[in-house]
Each structure stands twice: as structure tokens, then as C-alpha cells.
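J.: below: sequence and its predicted model.
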Amino acid sequence: MVEFKYILPIPPSVNALYAGKSRRYKSKRYKAWLKECAGVIKRPPSLRGKVRITYDFFAKNMTFGDTSNYTKAALDYLVAAGVIADDNHKIVVEEIIRFAGYDKKNPRVEIGVFPVAK
């Protein structure tokens, strides 16, 4: 099975993606993370079918929170970059989230995207 692998900086928690009360907008932290990710995916595979996605998180320190809070921004980025068509349950049929350890010098999330046979 073909795997597409991407290494991104640790995204902001889902709790820090948006700001504003009456009108929500992307937070400064989220915008900075998106800018940091720019160019990571140069030629996306444009997968149009079902996929399975794995996330391996390497945290900077022990204060790293709930890993599931960090997947939304990464998944939205895969859609925006054109890797997958959408992030709904009809396309993303499985997500595996793992805490892979600590890396003080290079905190990151390693994302694997696997096309699923029909």
C-alpha cells in the first residue's frame, strides 16, 4: 500500500485555533502555524478516495496536552493543501493518533496518509 508521509510542526490545540466571540476568525497562533507549514507539501497526490491517517506526535516537553486536540489543524491543512478531498467520515475512514515521544530540538507531528482500497 502506498503511503504519503508529511512532517509538520506541532499544530496549535483545537482550543487555540480561533479567536473572537461574536465573529470567529483564525487566531494569530493558527495563522503563524499555517505560515510555518507553507511549502511543506509541494506536489500533493490529490487523493480522491477513502484514506486512513496516522499521526505520530513528538512533543517538546511533558506539558504536551491531549493529542486528539492537535489533529484538527493538521487534517484541515491536508485538505487545504490538496492532499485529500475532504476531512469528513466518508473520506477519512480511520485516524490513528499516537504519542511517539519527546524531541526537545524538533517537536513535530509525522502524518501518514494511506489510500484505502474500495
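T.: Yep, it's here. Residues are numbered from 1 along each chain as shown.
J.: so how far is residue 118 from the closest residue in space to residue 111 that isn't next to it in sequence?
T.: Spatial nearest neighbour of residue 111, chain neighbours left out: residue 6 (4.7 Å); criterion: C-beta to C-beta, 6 or more residues apart in numbering. (Each C-beta comes from the backbone N, C-alpha and C, glycine too.) In this view, residue 6 and residue 118 are 24 Å apart by C-beta to C-beta, to the nearest Å.
J.: tell me which of the two has more neighbours.
T.: residue 6 (19 against 5; other C-beta atoms under 10 Å).
J.: contacts only, for that one.
T.: 40-41, 78, 83, 110-111, 113 (C-beta atoms under 8 Å, 6 or more residues apart in numbering).
J.: highest neighbour count among those residues?
T.: Going by other C-beta under 10 Å, residue 78 tops those with 23 neighbours.
J.: where does pLDDT dip in the chain?
T.: 1-2 (pLDDT under 70).
J.: swap in 80 and give it another go.
T.: Counting by pLDDT under 80, the chain contains low-confidence ranges at 1-2, 21-22, 46, 118.
J.: now the strands for the protein?
T.: Taking DSSP state E, the strands of the chain run over residues 4-8, 18-19, 25-26, 51-59, 92-102, 108-115.
J.: out of the ones you listed, deepest packed?
T.: With neighbours defined as mean count of other C-beta atoms under 10 Å, those peak in mean count at strand 51-59, which reaches a mean of 20.
J.: can you list the strands that it pairs with?
T.: strand 92-102 (parallel), strand 108-115 (antiparallel) (DSSP bridges).
J.: okay, the angle between the last one and strand 4-8?
T.: Taking axes from the mean of the first three to the mean of the last three C-alpha atoms, to 10 degrees, one finds that strand 108-115 is oriented at 160 degrees with respect to strand 4-8.
J.: need the CA coordinates for strand 108-115. CSV is fine.
T.: What follows is strand 108-115, C-alpha atoms only, in CSV (Å, rounded to 0.1, in the frame of the first residue of the first chain):
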residue,chain,number,x,y,z
ARG,A,108,6.7,17.7,15.3
VAL,A,109,3.8,15.6,14.0
GLU,A,110,4.6,12.9,11.4
ILE,A,111,1.5,12.2,9.4
GLY,A,112,0.9,9.2,7.2
VAL,A,113,-1.8,9.2,4.6
PHE,A,114,-2.8,5.7,3.3
PRO,A,115,-5.3,5.3,0.4
